[in-house]
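Asker: whatever this is, show me its structure:
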Amino acid sequence: MSEKRFSGWPVLITGGGSGIGLACARRMAAEGARVLLVGRRADALAEALKSLTGEGHRMLVADAADEAALLPGVKAFAATGLLRAAILCAGEHLLRPLAIAKAEHFESQFRANVLTAAVAARVFVKFAAKNGAAMVLLSSIAGIRGVAGVSAYAAAKGAVLALSRSLAVELAPQRIRVNTLVPGVARSAMSDKFLASLPPEQVEAVRRSHLLGFGEPEDVASAASYLVSDEARWITGAELVVDGGLSCH
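Answerer: Residues are numbered from 1 along each chain as shown. Reported below is the predicted structural model:
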């Protein structure tokens with residue numbers, strides 16, 4: 001990739017060890033960014049770090065919902081330059097029909113999907129560039145479209161949308177833009193685990209419901225890179241659906 005839109009940009013990416021987070025990290029690094037990868041698995045982060053082009057990248061083994069674990073590593077990374085962008089991809093998916101869902105399932109989904117975004121956003125703001133910065137949060141099509149069996153996950157991803165809109169208003173005076181991606185099924189370890197829990201005929205039905213077929217993490221990363229770029233400088237509080245046509249029928 002010849003264009004270096006993010007040359008020298010320090011960028012925070014949570015959930016960076018796999019899937020969409022890793023695809024975002026690779027895309028940002030390829031366009032010149034210095035990336036701080038955050039995740040809970042040291043082995044996955046180390047492999048992800050090796051796959052990034054360019055220099056100056058770091059990894060931080062931490063739960064993005066744990067501010068005490070997150071803050072020192074982000075502070076150290078920001079010592080080499082205030083952060084220009086954050087792409088907050090940490091999250092988990094849960095297939096659990098309401099009949100067998102328990103309170104702890106909702107609590108764990110809100111921690112994994114909402115608290116990770118809120119805490120990482122709070123830490124990012126402490127070290128964000130004063131002349132303008134951008135955040136992208138990751139929701140899901142389940143947050144805007146009814147999907148059976150995923151009520152806890154859907155409720156959490158709907159909360160991410162509400163969180164993002166509120167932060168867009170709150171942080172605008174600090175010149176921090178906040179937008180949300182709403183992806184359909186992009187093939188990753190998490191989506192593959194979900195699809196593997198379904199019978200083949202249901203998997204095919206889900207695939208057909210995406211007019212352009214299943215996506216890839218790189219398709220979502222392309223949208224994320226646009227939203228944090230200066231090309232999107234007049235966009236905040238927006239929800240960009242990246243779902244291969246799933247939600248339009």
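
Asker: and Ile87, that one's in a strand?
Answerer: Yes - looking at Ile87 with DSSP: H, G, I helix; E, B strand; the rest coil, it is inside a strand.

Asker: partners of it in the sheet?
Answerer: For Ile87, the beta-bridge partners are Ile13, Val136 (DSSP bridges).

Asker: now stretch 237-249: average pLDDT?
Answerer: Here stretch 237-249 scores 95 as its mean pLDDT.

Asker: may I see the buried residues of that stretch?
Answerer: Judged by neighbour count using 16 or more other C-beta atoms under 10 Å, the buried positions of stretch 237-249 are Glu239, Leu240, Val241, Val242, Asp243, Gly244, Leu246. (Glycine included, C-beta is placed from N, CA and C.)

Asker: please name the residues that touch the last one.
Answerer: Leu246 sits next to Ile141, Arg145, Gly184, Val185, Ser209, His210, Leu211 when contact means C-beta atoms under 8 Å, 6 or more residues apart in numbering.

Asker: can you tell me how far the residue nearest to the fifth one when sequence neighbours are not counted is from Ala196?
Answerer: This means Ser209. Spatial nearest neighbour of Ser209, excluding adjacent residues (C-beta to C-beta, 6 or more residues apart in numbering): Leu246 at 5.5 Å. Between Leu246 and Ala196 the distance is 19 Å, computed by C-beta to C-beta, to the nearest Å.

Asker: ramachandran angles for Leu52?
Answerer: Dihedral angles of Leu52 (phi, psi; degrees, to the nearest 10) stand at phi -80, psi 140.

Asker: thank you, goodbye.
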